[in-house]
Each structure stands twice: as C-alpha cells, then as structure tokens.
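1. fold the following, please.
(2 chains)
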Protein chains: 2
Amino acid sequence: MEQSPTQALAQYIVNSRPEDLPSSVRHESKRALLHWLACSIGGSRHPCVLSALSALDEFSGKRECALLGRAERVDALLAALINGISADALGFTDTHLKTVIHPGGVIGPAILPLAERMTVPGSDFLHAFSLGMEVACRLGLVVYPWHYERGWHITGTAGVVGAAAAVARLLRLDEKHTVWALGLAVTQAAGLREMFGSMTKSFHMGRAAQGGLVAGLLARHDYTSSEKAIEAPRGFAHVLGEDPDLGALTRDLGVTFEIMQNTYKPFPCGIVVHPAADGCIALATKHDLDAAEIQQVTLRVHPLVLELCGRKSPSTTGEAKLSVFHSAAMSLLTRRLTLSEYEPDMVNRVDVVELRSRIRVFPDSSIREDEADLRVMLRSGTELHHHVDHAIGSAARPMSDADIEAKAYGLTEGVLSRSQSEEMMNACWSIEHQPRAGILAELGSVRASG
Amino acid sequence: MEQSPTQALAQYIVNSRPEDLPSSVRHESKRALLHWLACSIGGSRHPCVLSALSALDEFSGKRECALLGRAERVDALLAALINGISADALGFTDTHLKTVIHPGGVIGPAILPLAERMTVPGSDFLHAFSLGMEVACRLGLVVYPWHYERGWHITGTAGVVGAAAAVARLLRLDEKHTVWALGLAVTQAAGLREMFGSMTKSFHMGRAAQGGLVAGLLARHDYTSSEKAIEAPRGFAHVLGEDPDLGALTRDLGVTFEIMQNTYKPFPCGIVVHPAADGCIALATKHDLDAAEIQQVTLRVHPLVLELCGRKSPSTTGEAKLSVFHSAAMSLLTRRLTLSEYEPDMVNRVDVVELRSRIRVFPDSSIREDEADLRVMLRSGTELHHHVDHAIGSAARPMSDADIEAKAYGLTEGVLSRSQSEEMMNACWSIEHQPRAGILAELGSVRASG
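-> This next block holds a predicted model:
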C-alpha cells in the first residue's frame, strides 16, 4: 500500500536511531545547538523578552524549567515560548539558506523543557534536535519560494512542524501518534512577514516552539488529527503553497541532510551586507588602516544590498543593522562587527557619521550575493583593493567551530560568566556523552546566587 | 491623514460604548453568549476535552478560572483553550452564515477567564463579546469565500483576531495597543479544513481563543506589532486571501452588525440536512404518525445534501450526523433530533435501519438550501405531503429565544442541575445588570460538592 508523505515522514522520525546520523550531521547539529543557546542567552535581556515575560509570567505553572540567560524559572510551555523569543531577539540566528528558515531557535526551545522534566540522555536529545531541524527544512523546501514570497514567515510555519517532530521523537511516540503530532502542528502553521520590524517577528519563533510542544503533548494523550496533514488538498502544502514539491519531504530522507546547509551569521546585520563587512574588516586589518586617512570608499555589491540595506543615515540600532554604510564604516573603524558596533551611541558618533558619508555603494548584477569588491582611496593618494569571493558565514565559506565559539562568547558576555559559558559550550560539544541533556538548561541560565 | 483599515478598526473597538449598540444587537449577543455556554457545557465530557486536559493540566498555573461543565479549575490561558475546545466538541456551535464562521465559541472563551480575574461588569462583558463577534465576522467577509475554499478553517483564522479585539476591549487598551493586539492575533491566524473529522477541528477554536487572549496580554505589556496587519501586502488579507474586500472591515461599522446574521443549529447534524429533518418532525407531529405505517418516504432536497450528507448506512455517531437518511428516519420516529438520536445504539437499532431503507432522497437544483419537500406514502395508500419553505434555524426563520433555551437545556442536561442551568440562563438574559460577569463561569461549571 502506498504510504502518504506525512506517514513516511512519521515513520522515519520513529525509526531513526542516533547512530544512523553520519558524524558530520551530528557535529553540525552540535554547532546549531550551541549557536542557538548563545543566541537565546544574548537575547535574554531584550525588551521583547521582558515584555513577554511580564505579560505571561503570572500564568506560569510549576516552575520547573529554565529561561536561557535568566534566573527566573517557569513552566515548560512558557519556557518554550520565551526561549524561542529570545533566540530571535537580536536577529542573529542560524539560517538554512535554501529556505531562509532559522531552525535552531524553534527546535531547541521546544525540546529543552522536556529534557528538564525527564531524564533524557544527551545523545537522544541531539538526535531529536537533528530530526526536528531536518523536518522543518524539508517542509520548507516543499513550499519555498512561493510560500515566502507570498508573505509567510517560513520559520514560523515550517518551524512549528519541525518542533513537533522533535518533541514527538523525544516523547517516543509511535507512528500513529507522531502523525497526529505533525497534524496538530501543521494546523498551527502561522506567522506573517508583515511583522518584520516589530517584536512580533520574534514571537513567531516562540509560538512555533510552544505550538510544537503542545502538539506532541496532545498527541501523546490520544488527541487525534489528520493522517495526511501535509499533502491533503486542504493540508499544508496546497493551502500554504502553490505547486508544492511534495517529494522534497522524503527524497533521500536519511541519506542527505538539510542541516548541512545551515549557516550562521557572523555579523548582527542584514545578511546581504556581510560580504562588504567581511571585506572591510579584512582590508583594515591587513593594512592596519587608520580611518582618518580614508578619502573615499567604493563598494561594488549585489543589487539586493541597496534594496534591503540602503539606509544612508541610520540613527537607531535597528536602522543601523539595515545599513551597508554604517556596517562598512564600523568594520573599517573597529575591525569587527559585534552588537556594540550597533549601539545608539556608536551609530550617532560624529566620526562614524563622517566616515559613512565618504562611502559610496554601487549595485552590480555581476556580483554574487556572497561576493563584494572594495576600493579604499587614502588621502595620501594610495588606493587599496580587496575582493571577497565568498563572505565568511556563506555556504562556501562556513564559520569554523572556533568562529562559532567566538561569536557565542560575544553573545553570552555580560550575561553568564566566562567560565560558565565555557562549561556550557563544552557540554554542547560533548552532548552525546552527557547522561542528562537538561544540563544545557542549567548551564545556560543564570544560577541562583549563594 | 488617511487612516489604515487596521487602525480604523482599532479606533472603533476603543471608542465604542455599550450603549452605542442597538438593543437588537445586545439581545442577539445574549443569545450567542447563552448558546456558547451551553455548547461548552454539553461538550465538556467529550473525549477531546478529556484528552487535552490530561495532556496539559500538569502545566497549569494558578487555578483561578473555571472550565465550563467541569469541576476542575485551571489558569486563564488553559481555560481559554479548553473552553474553546469544548464549545466545538459536539459540532453544535453558532454559525455566521455569510462566512460559515462559528464565532461564539472563540470569542467567549477568550474573555471569560478575564472576567473571573478582574471585576468586569456584565454590560462591559457583553459589549466586548459583541465587538469580538463583529470583528471576527467582518474579517471573514474580507477574505470569504476564496479563503474558505482554499482550505482555511475560517473560524480559527478570523476567530483569533475577533478574540483579540474582545480581549483588548476588556483590558481597556488604547488605540495603539489595540492595533498591536490585532497584529499579534493576525500573525497567529491558522487552522486547516483538512483537520475536519478529527479532534483537531475543535482545537482550532481553543487555540484561537487562547491566541487572542495571549495577543491582548502581550500588547498590554508593550509587545509591539505591525500597525497595518490586516491590509499590508504581506498581512492577513493578501496572504490568506485573494482580491480581498478590505472595505468589508469598516463599511457601516457601528451601523450594521454582523451578529444579526448569526444563526444557531437546532439539530446536531450537518446543517444541510436541517430542512429535511424539520419537515419530517413537523409532518410526523401533525399527523401523529406511526412509523410502522410508512411505506416510503420521498425527499426532494438541495443537491448539497447528498453531496455532504449522503451516507445511506451509517454505523457510528459521526457518520449518522452526516446522513440525511438517518436524520430523516429519526425525525419521523422520535419527532425530535437531539444528541440521543445519534447515539450508537440508536444508529444501529433494527427498526431504525429498516426505516432508513424506505427513504429515497432526490437532489433538486430548484430547491434552496433552507428548503425541502417531502412525501410520505403510507401502507394504507394515503400520501402525506409537507413543504419546508425555510428551515428552523435558517436566517429567514431563526430560532426563538425559547428554542435556544430548549436547546441549551438539552445540552446542559446531565452535566448541571436543571436549577443551576436555569440560573445560568437567567444570568445571561440579565447580563447587562450583573455587577460581575464572572458569575457566568461560576454558574456554568460544576460546583464543588459540600
């Protein structure tokens, strides 16, 4: 009998074993896991986290789960929501480039609370995390690009289903119940791109994580759902997609892994700006450049850069992150691009404003998205040139483990002690040997003093 | 300056006063309120309620809110979810015929928990309920029918926004915060028709109620959102609709009221079957018919009847509710159509099966959806005829207050005592004079014995 795509997916989720995943996949999963934890910790003091927590904390049930980067404890459902919101708060999450899904910050928050309530071996946790990432990205491929262009925030819509897959696996649901969990998640698929620019964008991650957790819990208690939620005429693929590629759901499932296409943003600004920033840092470093010597900077970039990040005179953090001018100026000045480079003081500093005015940016359709070309004319008359073939963080030039660790330290700085951060990162790298995955929540949250 | 539709809607929500609603609208709101409470009470022992409660009760926070028809208490967010699920569990909810939205069971559950936590005068509660109904139905009109045909369960998608409107009003949010609440709700719009036939359909109502409540609570705590969530190119109307009628949102707002188009199902079966059932009950009653005397029944009905409810030999409750044959047979036999007529014992009783076999149903495209024509040939050779011009419960022949009360008693029977049910219904009819709307939750739930 022909198996439906939803059922085939459920069967894979149920039957896959940790050791079935190639070591490269397991390693990439650890990178994504560590990266997400650091993003949530870094985002844990963002106003959107504070707002959500102040609105909903009074409804919390048993306070048995940690909030990353924070000292409060809340119930599992609220933890999933808040840890998802914090993951995206700084706009610094991972990206599956083929679908622009940010998977880590949805899948992780959905299952971490379970690992705190049950004894979950680290290897099982990593495996469930990996399966959830795979399901989210494959479901994204079914409907991308029409779905995203239509206006769906694909991280929210595909994310909730990946989250449910990870939860179902961790709860050890059988095939029938996993199918129901997927159905319960599919029917919660939501999130509109119109929300970009407001706190509600980050809400999508949290609500998807929480929705996936709710879906798995309900299914475990025999809450029934559709058995062909993804492929039915009035199911996910045909309602939220157009001419969907249903084959993408199970094609080479267990053989090729979408997590291998996951990337990490080295800089906290719009991703299209990264090649220019990368080049400016490299050039300034190589020539030990004094910014005061700069007469003019000329950047040739992919046309999307000016379309998405063309703000010439930003005055706020949010605007500066969408400004190639500010990002290039800061890269030349400080030779790095961390959150500090986007603080309001920095954005409005006189020498920064002045340097921005000396930068010219030209769109060039012969330049790829991960490429940039830059020329710096010095007051002395010397011209410096640098060409970025593939920006750091792109698929062709991924961040190394050390790069990810460095980024993670930057995110946890000021929230956790350096030694606690180090302990947490070590627990990630060695997660397959940890007897209790819940240790990640302990190490990722602020410990009660005393 | 041109006001955006979302802002205009928010402004109306903020500025409307209870006394601005015509008395007919307030009365219809009371009918919808009473009807929803009875539906939730009747559905409170359904397996989907038991399943959801067993899955999620352990995460409940402060147990300050009632579950309709039940004795347990849970936190406000869980109460919204469960009271929404129970509202739909029996498939017996109200229907705004122009959009097929079932609004009462989403709007009511979203705000009842607030009325238990705050002192909300009954008149304010009814007003917020009425506004929520209006917003849900108007948003439905913006995207109907494309939206529903595409596969969206419009009760879930439009419902969450109506729920947020009611919550925002009850929390007395200002215009800016109401706009955010609407945005936070819009981005949660979800629910697929593929789920019909499984418990997940009822989950849509609960999740929409809960999502609307969460949206209002977040907005109150300055969680920001889009300011043109409904009309923006990547907002609700254009992503979940096609060629939307944005004008429907605010056209004659405060002048015409969609709640006046709300209807109530007199019978717990597919709505297309109602004219035939109505006719069979009327004919059997008028002629004091003995079913054993029936030779043959001939029904002429709208073509949708056989398309949606053509099952000849149902064997389960669910199948029987979608069978015009069973519904007609029972109407002739017992001269009523309550939940008892769909119990498995009744569906499989020998004389019922036999009578079903003597019923012939003919589609007739000259018959309207709320019309039916029936002829009963008796063994004596006498032919009886009855024509239903407008079925009971249709827009042209709405259920009277007494009809709704009778239905409500049928739903609360066996859950609440007759005297408690009566007290609850009286509290609904007199809600505008009740100092505390929370009394509805007390009267609608099972009191601790003692």
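2. drop to CA atoms for contacts and neighbour counts, all remaining ones
-> Fine.
3. please determine how far residue A:28 is located from residue A:22.
-> With distances taken as C-alpha to C-alpha, to the nearest Å, residue A:28 is found 10 Å from residue A:22.
4. next one: residue A:151
-> Between residue A:151 and residue A:22 the computed distance is 35 Å (C-alpha to C-alpha).
5. more neighbours, these two?
-> Neighbours were tallied for residue A:151 and for residue A:22 using other C-alpha atoms under 10 Å in any protein chain shown; the higher tally belongs to residue A:151 (21 against 13).
6. the more buried one and residue B:240 touch, don't they?
-> No. With contact defined as C-alpha atoms under 8 Å, residue A:151 does not count as touching residue B:240 (9.2 Å).
7. and the helix or strand residue A:406 falls within, what does it pack against?
-> According to DSSP states H and E, residue A:406 maps onto helix A:401-412. Contacts defined by 3 or more C-alpha pairs under 8 Å, 6 or more residues apart in numbering or on different chains; DSSP states H and E place helix A:401-412 against helix A:23-43, helix A:418-429.
8. what do you get if the cut-off is 10 Å, keeping everything else the same?
-> The contact analysis (3 or more C-alpha pairs under 10 Å, 6 or more residues apart in numbering or on different chains; DSSP states H and E) places helix A:401-412 against helix A:23-43, strand A:262-264, helix A:418-429.
9. residues making contact with the shortest one?
-> It stands for strand A:262-264. By C-alpha atoms under 10 Å, 6 or more residues apart in numbering or on different chains, the surrounding residues in contact with strand A:262-264 are A:28-29, A:31-32, A:35-36, A:92-104, A:133, A:137, A:271, A:392-400, A:403-404, A:407.
10. show me which positions of the helix or strand that it is followed by end up buried.
-> Following strand A:262-264 in sequence order, the next helix or strand is helix A:274-286 (DSSP H and E). By neighbour count on 16 or more other C-alpha atoms under 10 Å in any protein chain shown, the buried set for helix A:274-286 is A:274-285.
11. ok, now stretch A:250-264?
-> Neighbour-count burial for stretch A:250-264, counted by 16+ other C-alpha under 10 Å, picks out A:250, A:253, A:257-264.
12. can you check stretch A:424-436 too?
-> For stretch A:424-436, by 16+ other C-alpha under 10 Å, it's A:424-425, A:427-429, A:431-432, A:434, A:436.
13. okay, it in PDB with CA atoms only?
-> Extracted in PDB, the C-alpha atoms of stretch A:424-436 (Å, rounded to 0.1, in the frame of the first residue of the first chain):
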ATOM      1  CA  MET A 424      28.100  25.200  28.600                       C
ATOM      2  CA  MET A 425      29.900  25.100  25.300                       C
ATOM      3  CA  ASN A 426      31.900  22.100  26.400                       C
ATOM      4  CA  ALA A 427      28.600  20.400  27.300                       C
ATOM      5  CA  CYS A 428      27.400  21.100  23.800                       C
ATOM      6  CA  TRP A 429      30.400  19.600  22.100                       C
ATOM      7  CA  SER A 430      30.200  16.600  24.400                       C
ATOM      8  CA  ILE A 431      26.400  16.300  24.400                       C
ATOM      9  CA  GLU A 432      26.500  12.800  23.100                       C
ATOM     10  CA  HIS A 433      28.200  11.700  26.300                       C
ATOM     11  CA  GLN A 434      26.100  13.700  28.700                       C
ATOM     12  CA  PRO A 435      23.800  11.500  30.700                       C
ATOM     13  CA  ARG A 436      21.300  14.300  31.100                       C
END
